[in-house]
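J.: Okay, structure incoming, though there's no sequence with it:
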């Protein structure tokens, strides 16, 4: 059963990720990306990381893809087709990507992975919350704080960059107009 | 869990996804599709982290938290990149990377 689901998810991921980068219509590419992200969350469920699968569904599939589709609708026509980039560029990029993929796959198949024999830890919500806020050996409070500052900075930056008609001088308004 | 599927299958799957993203990054000319390729690459790295964590170090949680942080970084990166893309579109009325070659305006 698990192997059937794995084959289904991995076939979906491979087919749709290749379609994402080769499709001529930009909106279709975005929808293929959505399929890739949803099947990735299925893989996370198979690996027993339920919290991360939910985060993947809400943040990636719900947030980022919607953002991308909105920006596509703002910047191009729905039915617009790309002209094909030159065949030379396509072929050389394909050769580079294939070489990298084959080298990596050979390395993966050569290496013998040795797992630990320690008992698996059950990942539940309480454990995740405690680890995120603890300063002990297994705690992740520093990256948690850093990521929260990063999110705040990204939010402010997105507002400032996309603001329409930014004034030339940012500061106090002039008091005497005449 | 870990029923029968070797870890190598997950890694090979992530490799194919990664290099599909690299191919898209090299051949695409539209800024939004380049951003989509970057999302593919980040997502494949997440699969790698989680497979390593589940199969090799199941008594720890490093891989899970790192993929959580990668997802957060990807979200903020997408937000800022799309803000920049919309600003570029407003100024140049195109988001083709070959037509946008002025840094100073």
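T.: Ah, there it is. Everything numeric here is computed off the predicted structure, so don't read it as measured data.

J.: Give the burial count for residue 7, as a bare number.
T.: Because you didn't say which chain, this covers chain A. 12 (other C-beta atoms under 10 Å in any protein chain shown). Just so you know, the C-beta spots here come from the backbone N, C-alpha and C atoms, and that holds for glycine as well.

J.: I was thinking of chain B, sorry if that wasn't clear
T.: 17.

J.: ok, and the closest non-adjacent residue to it?
T.: residue B:55 (4.3 Å; C-beta to C-beta, 6 or more residues apart in numbering or on different chains).

J.: I'd guessed that neighbour sits against residue A:115; true?
T.: Yes. Residue B:55 lies in contact with residue A:115 (C-beta atoms under 8 Å); the separation is 5.9 Å.

J.: Comparing these two, which shows the higher neighbour count?
T.: The residue with more neighbours, out of residue B:55 and residue A:115, is residue B:55; 21 against 12, by other C-beta under 10 Å.

J.: list the contacts for the residue nearest to residue B:7?
T.: By C-beta atoms under 8 Å, 6 or more residues apart in numbering or on different chains, the contact list for residue B:55 reads A:113, A:115, B:2, B:7, B:10.

J.: same thing with residue B:97?
T.: Residues near residue B:97 by C-beta under 8 Å, 6+ apart: B:29, B:30, B:31, B:34.

J.: which of those are buried?
T.: B:30, B:31, B:34 (16 or more other C-beta atoms under 10 Å in any protein chain shown).

J.: Let me have those residues in CSV, extended by distance to residue A:155 and secondary structure.
T.: CSV is the format used below for the buried ones among the contacts of residue B:97 (distance: C-beta to C-beta, whole Å; DSSP: H, G, I helix; E, B strand; the rest coil):
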residue, distance to residue A:155, secondary structure
B:30, 25, strand
B:31, 21, helix
B:34, 23, helix
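
J.: which one of these is nearest residue B:68?
T.: Checking those against residue B:68 with C-beta to C-beta, the nearest one is residue B:34 at 24.9 Å.

J.: hang on, the earlier thing: out of the buried ones among the contacts of residue B:97, just show me the ones up against chain A, please.
T.: When those are checked against chain A using C-beta under 8 Å from any C-beta of the partner chain, the ones in range are residue B:30.

J.: Of the buried ones among the contacts of residue B:97, just say which sits nearest to residue A:53.
T.: Nearest to residue A:53 out of those is residue B:34 (C-beta to C-beta; 26.9 Å).

J.: which stretches of chain A form helices?
T.: A:2-22, A:26-46, A:50-55, A:65-75, A:87-110, A:125-133, A:141-162 (DSSP state H).
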